[in-house]
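Student: Please work out how this folds:
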Amino acid sequence: MSTNPRNRIRVLIAKPGLDGHDRGAKVIARALRDAGFEVIYTGLHQTAEMVVAAAVQEDAHVVGMSILSGAHNALVPEIISGIKKAGLMDCLFLVGGIIPEEDFESLKKAGAKMVFTPGTPLEEIIKTIDAHAPKRDA
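Tutor: Have a look, this model is predicted:
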C-alpha cells in the first residue's frame, strides 16, 4: 500500500458544456494521476447537474473544470453552488481553459481558487492542489 498522501486526494476533472475539445483535460488528468492523485474524468458534454452529482458521488476533494466554450461565467458558479448545496463545503475548485483574464476575478468570487490557461506548467497545477486540497480523514 502506498504512503503517498496524494493518493487520498480525489480529483474530479469535468468537461461541462457543449465544447468537444478534451485534449487539455485528458493531459491534466494523466499528469495528476501520474503525480499520485486519484483522478476521475467525467467525459465530454456534462451538464452542471451531472458534474455536481459526480462530485458528490465520488466525494471529490478537488473539482477541476475545463471549459473552452465561453460558458465559464454561467457554468462555474452554477457547479460550485450546486456542489456546496450538496454538502461538499471544503472542495477545492479549479478552472482551466480559454478564459479571458477579465473573467478571472468573477470566477474567483464564485469560489474558484485558481484559473489556469493554456500553457500553464503542469507542476503549477499540482502544487496548487498540494497546497489547497482539503485534508479529510480517510
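Student: List the residues that contact residue 107.
Tutor: Contacts of residue 107 were listed using C-beta atoms under 8 Å, 6 or more residues apart in numbering, and they are 72-73, 76-77, 95, 99, 115. Backbone N, C-alpha and C define where each C-beta goes, glycine included.
Student: Could you turn the buried ones of the residues you listed into a PyMOL selection?
Tutor: Buried members of those, defined by 16 or more other C-beta atoms under 10 Å, are picked up in PyMOL with:
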select buried, resi 72+76+77+95+99+115
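Student: Restricting to C-alpha, output the helix ranked longest in the chain in CSV.
Tutor: For the chain, the helix with the greatest residue count under DSSP state H is helix 72-85. Taking C-alpha atoms only, helix 72-85 is exported to CSV below (Å, rounded to 0.1, in the frame of the first residue of the first chain):
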residue,chain,number,x,y,z
HIS,A,72,-17.5,29.6,-17.9
ASN,A,73,-19.3,32.6,-16.4
ALA,A,74,-22.5,30.7,-16.2
LEU,A,75,-21.3,27.1,-15.6
VAL,A,76,-18.6,27.6,-13.0
PRO,A,77,-20.9,29.5,-10.4
GLU,A,78,-23.7,27.0,-11.0
ILE,A,79,-21.5,24.0,-10.5
ILE,A,80,-19.7,25.4,-7.4
SER,A,81,-23.0,26.5,-5.8
GLY,A,82,-24.6,23.1,-6.6
ILE,A,83,-21.7,21.2,-5.0
LYS,A,84,-21.7,23.3,-1.9
LYS,A,85,-25.5,22.9,-1.6
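Student: Against which helices or strands is it packed?
Tutor: helix 48-58, strand 62-67, strand 92-97, helix 104-109 (3 or more C-beta pairs under 8 Å, 6 or more residues apart in numbering; DSSP states H and E).
Student: Sounds good, over and out.
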